[in-house]
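In: let's see this in three dimensions:
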Amino acid sequence: MNTWTELTARDKPSGLDSAVRRQVGPGRVRYTFIHDELEVDDPALDVTGRFFVSPKEYGFVIRGYEGGRTAWARDFANGSMLVVNRDATSHVLSPRVASRIVFIGAQGASLQDTGLEGATNQPPADLVSVRLTINATFDLHGESPEAARAVLTRMLDQALSSNSTLPGSRAQLLRHTYESSSLVSEDTRSSHETDFSKLLDI
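Out: Alright, predicted model coming up:
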C-alpha cells in the first residue's frame with residue numbers, strides 16, 4: 001500500500017523542521033524527529049520507548065485518506081509521517097500491537113513503512129539489553145544544573161544516533177532509551193556531577 005492521497009487538499013506551512021533519515025540495517029531506514037531534545041522514531045511510544053501514548057502528544061493530527069483510511073499525521077519539510085494500525089487502515093491504535101509508521105516523501109512516495117519490514121525472510125534477532133551508568137562532572141560557568149543534564153542528554157543522543165556499529169564488531173545498536181538521571185552537588189561551587197543511568201536496547 002504505497003499510495004496515500006489526502007481527501008482534503010491543503011498547503012503545507014513553511015518553516016517546518018525536516019525529519020532525519022537513519023539507516024538502521026541493510027535496506028532499512030527510519031525517519032525520526034526531535035521532541036523534548038530526544039530523537040523519536042515511534043510516535044505511538046513515550047520517550048522511554050516502553051509505554052504507549054497517543055501520537056497527539058507529539059503534535060500529530062487525524063487526517064482522512066483515499067480508500068476510507070485515516071491516520072495520525074504530522075508534516076515535516078521533507079515529507080509527512082503517518083501512524084496507523086497494523087493493517088494501515090485506521091488511526092485507531094492498540095497498546096497491545098505495534099503501530100505502523102509510514103513516511104511519505106515530498107513527492108508522494110512511501111519512503112518508510114514499518115509494516116512491510118517483516119515480510120522478508122530474515123533470521124530472528126538475537127537481542128540483549130545493556131544498562132550503563134555514566135557519571136559526568138560539568139563546570140557550569142553560570143548555567144543551571146538542569147542545563148548540564150540537558151547538555152549530557154543531547155551529547156549522548158547525538159553520539160548514539162549517529163553510530164549504530166563499531167568497526168570490527170557485528171553487533172548493531174537498534175534503539176536506545178533514557179531510564180533515569182539525577183544531579184549530585186560537588187563540594188565546589190562551580191561544578192555538579194550528573195549520575196546518569198542509561199538504558200540501551202540492542
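
In: center of the chain, which residue is that?
Out: Among the residues of the chain, the one closest to the centroid is Val40, at 1.8 Å (CA atoms, centre = their mean).

In: I'd say it and Asp46 touch.
Out: No. In this structure, Val40 is not within contact of Asp46 by CB atoms under 8 Å, at 9.3 Å. The way it works is simple: take the backbone N, C-alpha and C, and place the C-beta from them, glycine included.

In: start to end distance for stretch 19-34?
Out: Start-to-end span of stretch 19-34 (CA to CA, to the nearest Å) is 8 Å.

In: what of stretch 23-43?
Out: Note: stretch 23-43 ends 18 Å apart using CA to CA.

In: contacts for that stretch next, please.
Out: 17, 19-22, 47, 49, 55, 57-58, 60, 72, 74, 76, 79, 81, 83, 99, 101, 103, 111-112, 117, 150, 153-154, 157, 161, 164, 172, 174-175, 178 (CB atoms under 8 Å, 6 or more residues apart in numbering).

In: which of the helices or strands spans Leu173?
Out: Using DSSP states H and E, Leu173 falls within no helix or strand.

In: leaving out sequence neighbours, find the closest residue to it.
Out: Ser164 (4.5 Å; CB to CB, 6 or more residues apart in numbering).
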